[in-house]
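> output the structure for:
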Amino acid sequence: MTTLSYAFSEKDHWHKGYTDQPLVDQNNNTQSNPLHGAPEDSGRHTAVTNSLRPFYNGKSAFVTGGTGFLGKVLIEKLLRACSGLRTIYILLRPKRGLTSEQRFQEFIKHGVFDRLRDKTPQLLEKIVCIGGDISMPQLGLTERDRLTLIEHVNVVFHVAATVRFNEGLIEAAILNTVGTKSILDLCVNMQQLQSVVHVSTAYSNPCRSEVDEIVYPSPMDPNQFIQCIQLLPGEVLNAIGIKLQGMHPNTYTLTKSVTEQLVAEYASRLPLCIVRPSIVTGAVAEPYPGWIDNVYGITGIMMEIGRGTISSIMCDERCTMDVIPVDIVCNTLIAAAWQTAQASHSDAAPMQVYNCTSGQINGIKWHEYGRITQQCAVRNPTKYVMLCPGFRFRTNRFIHKLVELLLHFLPAYLFDVLMRVRGTKPIMAKIAKRFQKAADTGEFFAMHEWTFRNDNLRHLGTLVRQDVAGDEFCCDVSGLEWESYIEAYMLGIRRFVLKDGLESMDQARKKLQRLNFTMATSLAGSATNANNIIPPPENEHN
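Coordinates of the predicted model:
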């Protein structure tokens with residue numbers, strides 16, 4: 001059977017329904033894999049400290065995806081709360097005309113490290129740049145850097161991935177699957193390795209309404225999938241992309257599913273665990289309440305709700321949404337690495353999977369989340385507000401598209417015409433298109449609901465609470481107060497994304513009052529005109 005026909009046959013079988021027998025569960029070891037052979041004695045059974053923070057003393061960590069949203073918060077937390085760390089190596093690629101070292105110098109100046117810079121700037125010296133690229137063979141490492149990582153790294157956090165839902169199949173596969181294999185192959189050779197944490201997604205199995213903390217069979221064999229990506233011409237892969245994607249809504253969930261199976265195949269050779277966050281959102285508390293530095297996904301939607309540029313969202317408001325604050329995710333990663341190192345001393349210990357989600361622990365409906373978001377947008381408006389905040393969730397696509405045309409795009413184009421007349425740069429149509437793109441790619445997740453089991457996460461939370469430093473590494477969302485969190489999140493978008501400080505709040509509130517008055521006046525005028533145009537009903541007795 002050829003590589004391509006193998007991939008297709010596996011996909012067709014998956015459509016009919018794979019067995020629910022997991023590749024890795026909590027009672028059985030990883031199933032044998034002829035590609036990787038029998039479990040090996042890694043020689044890594046060195047002493048592991050039982051307590052969380054002391055575990056990291058003298059250790060060296062390797063972080064991929066360190067310049068991303070999650071990666072930056074993880075590195076900041078490791079430096080601040082686990083200051084006994086010896087070194088944090090971060091993989092950095094050249095980008096936009098800058099070398100890896102130039103990007104590194106920009107990275108350590110980032111605002112996420114302001115607290116460290118003010119109080120303990122010397123800790124930033126523990127970050128070491130490793131030039132490389134997750135998409136390159138052998139990560140694009142020099143021999144010197146490769147040997148450095150092999151000889152010194154104790155803990156690996158593999159965070160790097162493309163999170164674009166509309167990414168092409170080739171790009172998504174190279175970054176999410178092929179890149180992960182390169183990381184795992186490097187880890188196999190690490191002499192002091194005690195723990196590897198792979199960051200996946202809670203939506204790696206979107207065709208399942210209930211998702212346990214196990215690795216499910218992926219739609220195709222990961223090694224065959226990698227061979228397809230590496231050997232077949234791009235035009236062929238693009239042509240068969242939809243067939244390969246199958247029941248997955250996008251290439252992101254597909255490649256994450258395949259990658260999980262790949263990780264499971266290495267579990268007999270490496271001290272591995274998988275952490276599956278749901279929708280990662282702004283911070284509860286660290287590095288700052290509401291901290292966010294991007295406009296991806298729900299953050300961009302919340303920002304535009306605050307600016308009043310959104311009137312309709314395709315979403316089943318009755319569903320439980322599943323968001324998880326970024327600092328909770330980082331605490332989970334740090335604690336999971338600690339527990340994986342503890343478990344690696346037991347030959348019978350299976351690879352753990354942690355569903356880092358909130359829905360089954362402290363869920364909130366889309367309707368409630370939207371209501372609070374809109375209230376916060378009115379209570380604490382931004383000076384960049386353009387229309388009165390107000391929107392509706394809809395499940396009728398025709399009505400949604402009609403409203404989108406009439407209340408999103410038409411006003412946007414008219415506003416841009418006025419801006420051109422005034423000699424300013426038109427931006428509203430661009431904003432409307434950007435929102436439409438974000439909403440369309442996220443629609444699948446807003447129209448469905450999943451039950452994510454959290455037994456392993458709850459147990460990890462219990463172990464953390466019992467630890468001396470447990471309060472600093474909270475990975476439990478049961479006590480999260482949604483209203484105060486969403487308000488802090490909206491203020492964080494205002495402060496960190498829009499760069500709109502609290503000093504402009506009075507100005508913004510006055511602007512919103514003027515917009516409300518203008519809208520009320522316009523509605524009253526429209527009602528009056530309609531009353532004058534429409535003739536009174538004839539007296540049916542005349």
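
> just give the number of residues close to the residue nearest to Cys474 when sequence neighbours are not counted.
In this structure, Cys474 finds its nearest non-sequential neighbour in Asn331, 5.8 Å apart by CB to CB, 6 or more residues apart in numbering. No exception for glycine: its C-beta is placed from N, CA and C like everyone else's. If you count neighbours by other CB atoms under 10 Å, Asn331 ends up with 28.

> so Pro219 sits against Glu260, correct?
No - counting by CB atoms under 8 Å, Pro219 stays clear of Glu260, with 11.3 Å between them.

> out of those two, which sits in the more crowded spot?
Glu260 (28 against 24).

> quick one, helices of the stretch 351-500 of the chain?
In the stretch 351-500 of the chain, the helices defined using DSSP state H, counting those that start in this stretch lie at 359-362, 366-379, 397-403, 410-421, 428-446, 455-466, 482-492.

> turn those into a markdown table, including distance to Asp212 and mean pLDDT.
Shown next, in a markdown table, are the helices of the stretch 351-500 of the chain (distance: least, CB to CB, whole Å; pLDDT from 0 to 100):
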| stretch | distance to Asp212 | mean pLDDT |
| --- | --- | --- |
| helix 359-362 | 11 | 94 |
| helix 366-379 | 24 | 95 |
| helix 397-403 | 32 | 90 |
| helix 410-421 | 44 | 83 |
| helix 428-446 | 19 | 81 |
| helix 455-466 | 8 | 94 |
| helix 482-492 | 26 | 96 |
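
> can you say which of those is packed in most?
Among the helices of the stretch 351-500 of the chain, ranked by average contacts under mean count of other CB atoms under 10 Å, first place goes to helix 482-492 (a mean of 20).

> for it, packing partners?
Helix 482-492 sits against helix 297-307, helix 366-379, with contacts defined as 3 or more CB pairs under 8 Å, 6 or more residues apart in numbering; DSSP states H and E.

> relative to helix 297-307, how tilted is it?
Angle of helix 482-492 versus helix 297-307, following axes from the mean of the first three to the mean of the last three CA atoms, to 10 degrees, is 80 degrees.

> how about residues contacting helix 482-492?
The list of residues contacting helix 482-492 from outside it, by CB atoms under 8 Å, 6 or more residues apart in numbering, reads 281-284, 288-292, 302, 306, 325, 362, 364, 368-369, 372-373, 376-377, 379-380, 502.

> export the helices and strands packed on helix 482-492 to JSON lines and tack on distance to Leu184?
What follows is these, written out as JSON lines (distance: least, CB to CB, whole Å):
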{"stretch": "helix 297-307", "distance to Leu184": "28"}
{"stretch": "helix 366-379", "distance to Leu184": "37"}
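
> quick one: low-confidence parts of the stretch 251-400 of the chain?
The model of the stretch 251-400 of the chain has pLDDT under 70 over residues 345-348.

> which of the three states applies to the nearest residue to Thr201 once chain neighbours are set aside?
Spatial nearest neighbour of Thr201, chain neighbours left out: Lys256 (5.0 Å); criterion: CB to CB, 6+ apart. Here Lys256 is recorded as helix under DSSP: H, G, I helix; E, B strand; the rest coil.

> doesn't Val128 make contact with Ile90?
Yes - if you go by CB under 8 Å, Ile90 and Val128 touch, sitting 7.3 Å apart.

> that older thread, distance to Leu270 added to the helices of the stretch 351-500 of the chain, as CSV?
Putting the helices of the stretch 351-500 of the chain into CSV (distance: least, CB to CB, whole Å) gives the following:
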stretch, distance to Leu270
helix 359-362, 29
helix 366-379, 38
helix 397-403, 45
helix 410-421, 51
helix 428-446, 31
helix 455-466, 18
helix 482-492, 36
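
> looking at Ile90 and Val128, which one has more neighbours?
When neighbours are counted by other CB under 10 Å, Ile90 comes out ahead of the other of Ile90 and Val128, with 25 against 15.

> what comes into contact with stretch 403-416?
309-312, 386-387, 392, 394, 426-429, 431-432, 435-436.

> for that stretch, C-alpha coordinates in CSV please.
What follows is stretch 403-416, C-alpha atoms only, in CSV (Å, rounded to 0.1, in the frame of the first residue of the first chain):
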residue,chain,number,x,y,z
VAL,A,403,-27.3,41.9,9.6
GLU,A,404,-23.6,41.6,8.9
LEU,A,405,-24.1,43.3,5.5
LEU,A,406,-26.4,46.0,6.7
LEU,A,407,-24.9,46.8,10.1
HIS,A,408,-21.2,45.8,9.6
PHE,A,409,-20.1,46.3,6.1
LEU,A,410,-22.4,49.1,4.8
PRO,A,411,-21.7,51.5,7.7
ALA,A,412,-18.0,50.6,7.4
TYR,A,413,-17.8,51.5,3.8
LEU,A,414,-19.8,54.7,4.3
PHE,A,415,-17.6,55.6,7.2
ASP,A,416,-14.5,55.0,5.1
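
> that stretch: how far from the chain's middle?
Distance of stretch 403-416 from the chain centroid (CA atoms, centre = their mean, to the nearest Å) equals 30 Å.

> same deal with stretch 140-156?
Stretch 140-156 has its C-alpha centroid displaced from the chain centroid by 27 Å (CA atoms, centre = their mean).

> which one of the helices of the stretch 351-500 of the chain lies closest to Met136?
helix 428-446 (27.1 Å; CB to CB).

> which helices and strands sit right next to the closest one?
helix 297-307, strand 312-314, helix 410-421.

> between helix 297-307 and that helix, find me the angle.
Using the same axes, to 10 degrees, helix 428-446 lies at 130 degrees relative to helix 297-307.

> run through who's touching helix 428-446.
165-166, 203, 206, 249-250, 279, 296-298, 300-301, 304, 309-310, 313-316, 319, 321, 366, 386, 404, 408-409, 411-413, 415-416, 419.

> buried members of the residues you listed into ChimeraX, please.
In ChimeraX, this line selects whichever of the contacts of helix 428-446 come out buried by 16 or more other CB atoms under 10 Å:
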select :165,203,206,249,250,279,296,297,298,300,301,304,309,310,313,314,315,316,319,321,366,386,404,408,411,412,415,416
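
> ok, now which ones touch Asn50?
When contacts are taken as CB under 8 Å, 6+ apart, Asn50 is in contact with Gln342.

> quick check: mean pLDDT of stretch 116-127?
If you average the pLDDT over stretch 116-127, you get 95.

> what is the end-to-end distance of it?
By CA to CA, to the nearest Å, the extent of stretch 116-127 from end to end equals 12 Å.

> residues making contact with it?
Contacts of stretch 116-127 (CB under 8 Å, 6+ apart): 75-76, 79-80, 83, 85-88, 90, 104, 108, 113.

> next, give me the two most distant ones among those.
Ser83 and Phe104 (20.4 Å).

> and what about Gln102, helix, strand or coil?
Per three-state DSSP, Gln102 ends up helix.

> now do it, the pLDDT please.
Value listed for Gln102 in the pLDDT field: 92.

> again with the one 4 residues further on
Glu106 carries a pLDDT value of 93.

> list the contacts of it.
Glu106 neighbours (CB under 8 Å, 6+ apart): Leu98.

> same thing with Gly370?
Here Gly370 is in contact with Ile305, Ile313, Cys315, Glu317, Phe391, Phe393 (criterion: CB under 8 Å, 6+ apart).

> 6 Å instead?
Counting by CB atoms under 6 Å, 6 or more residues apart in numbering, Gly370 makes contact with nothing.

> now swap in the one 3 residues further on and tell me
Neighbouring residues of Thr373 by CB under 6 Å, 6+ apart: Met302, Ile305, Ile486.
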